[in-house]
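K.L.:
Okay, sequence plus prediction incoming.
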Amino acid sequence: MNKLPATLEVGIVFSLLIAFTPISHANTILDNLSDTIPGSLTPNNALAQVFTMPSYSGDLSQLELKLDPQFVASESVNVYLDTTTSGAPTSGLGTLLGTASSSTSGNQVITLSLSSQPLLSAGISYAIVIKQETGQVFWDYTTAGGSGGDGTLGGIYSSLTSGSSWSSADSGDFVLMDLEVTPVPEVPMTGAFMGFCALAIAVGHRLRRKSGSFFQVD
């Protein structure tokens, strides 16, 4: 019985592993940080920017906000991810993502240290919410419509009641942020087909070797 070369067996197994190994990398959903800043919006109590995910899902991996703390004293806002109803944030603030804080005044990009990395589902609308905690922090905005990523920007909403009710503050503006996700790994159909073929070859060869050993003549 002819034996399949060891190198070929290794190659089949290696191909099988590659075929079923997903490749993950960060995708930009929103990024308008480099857009012109005509002004800033005060959250008063809470401010939300709605956006819609593209045709894929992903775990939140990075969030940067362009904020404008007004004073030199330590100032901060809590940042949340909220769901939406009829295009507006759902009652409440949502899931706490972390706290954005600064000890200096003026426009600056603050990278949030994420306390959670929730899954954002394909085609679903969400809202990034900031709630004033200490001092006075404004959120820079732009009039440009493009998000610079795969997602779509929606309206801006404000709340004076910690998210128990929301009012539209949309005047054609969009607050500045960079939001990235790590797409949920999926095995491409071509990869699945290659993996199935490699597995079939390896299993078939193994069965032939075993059946051949019963009829081997010294």
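P.N.:
Perfect, I can see it now. Numbers count the residues shown, from 1 in each chain.

K.L.:
mind listing the helices in this structure by residue range?
P.N.:
Applying DSSP state H to the chain gives helices spanning 6-19, 189-213.

K.L.:
domains of this protein?
P.N.:
6-22+187-213, 27-183 (automatic domain parsing).

K.L.:
Just the buried positions in stretch 172-180, please.
P.N.:
Neighbour-count burial for stretch 172-180, counted by 16 or more other CB atoms under 10 Å, picks out 173, 174, 175, 176, 177, 178, 179, 180. For glycine as for every other residue, the C-beta is placed from the backbone atoms N, C-alpha and C.

K.L.:
The domains of the chain into TSV, with extra columns for mean pLDDT?
P.N.:
Output for the domains of the chain, formatted as TSV (pLDDT from 0 to 100):
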stretch	mean pLDDT
domain 6-22+187-213	45
domain 27-183	95
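
K.L.:
Just the terminal-to-terminal distance for stretch 110-127.
P.N.:
This stretch, stretch 110-127, spans 18 Å end to end (CA to CA, to the nearest Å).

K.L.:
Next, the buried residues of that stretch.
P.N.:
By 16+ other CB under 10 Å, the buried positions in stretch 110-127 come out as 110, 112, 114, 120, 125, 126, 127.

K.L.:
Please apply the same query to stretch 55-70.
P.N.:
Using 16+ other CB under 10 Å as the test for burial, stretch 55-70 gives 56-69.

K.L.:
Spatially nearest residue to the spatially most central residue of the chain (excluding sequence neighbours)?
P.N.:
Closest to where the C-alpha atoms of the chain average out (CA atoms, centre = their mean) is residue 181, at 2.1 Å. Closest residue to residue 181 apart from its sequence neighbours, by CB to CB, 6 or more residues apart in numbering: residue 58 at 2.9 Å.

K.L.:
that older thread, and the gap between the residue nearest to the centre of the chain and residue 81?
P.N.:
11 Å (CB to CB, to the nearest Å).

K.L.:
Now do the same contact list for the residue nearest to the centre of the chain.
P.N.:
Contact analysis of residue 181 by CB atoms under 8 Å, 6 or more residues apart in numbering lists 26, 27, 29, 57, 58, 59, 60, 61, 120.

K.L.:
and the residues you listed, which of them are in strands?
P.N.:
Mapping these onto strands (DSSP state E) picks out 27, 29, 58, 59, 60, 61, 120.

K.L.:
Now do stretch 65-79: everything it contacts.
P.N.:
If you take CB under 8 Å, 6+ apart as the criterion, stretch 65-79 is touched by 33, 37, 40, 43, 63, 93, 96-110, 112, 128-140, 175-177.

K.L.:
if we go to 7 Å?
P.N.:
For stretch 65-79, contacts defined as CB atoms under 7 Å, 6 or more residues apart in numbering pick out 33, 40, 43, 96-110, 112, 128, 130-140, 176-177.

K.L.:
tell me the most buried of the domains of the chain?
P.N.:
Neighbour counts (mean count of other CB atoms under 10 Å) averaged over each of the domains of the chain peak at domain 27-183, with a mean of 18.

K.L.:
now do the same end-to-end measure for it.
P.N.:
The first and last residues of domain 27-183 sit 7 Å apart, counting by CA to CA.

K.L.:
what's the offset of that domain from the middle of its chain?
P.N.:
Between the centre of domain 27-183 and the centre of its chain there are 13 Å (CA atoms, centre = their mean, to the nearest Å).

K.L.:
Same question for stretch 25-32.
P.N.:
Mean C-alpha position of stretch 25-32 versus that of the full chain (CA atoms, centre = their mean) differs by 7 Å.
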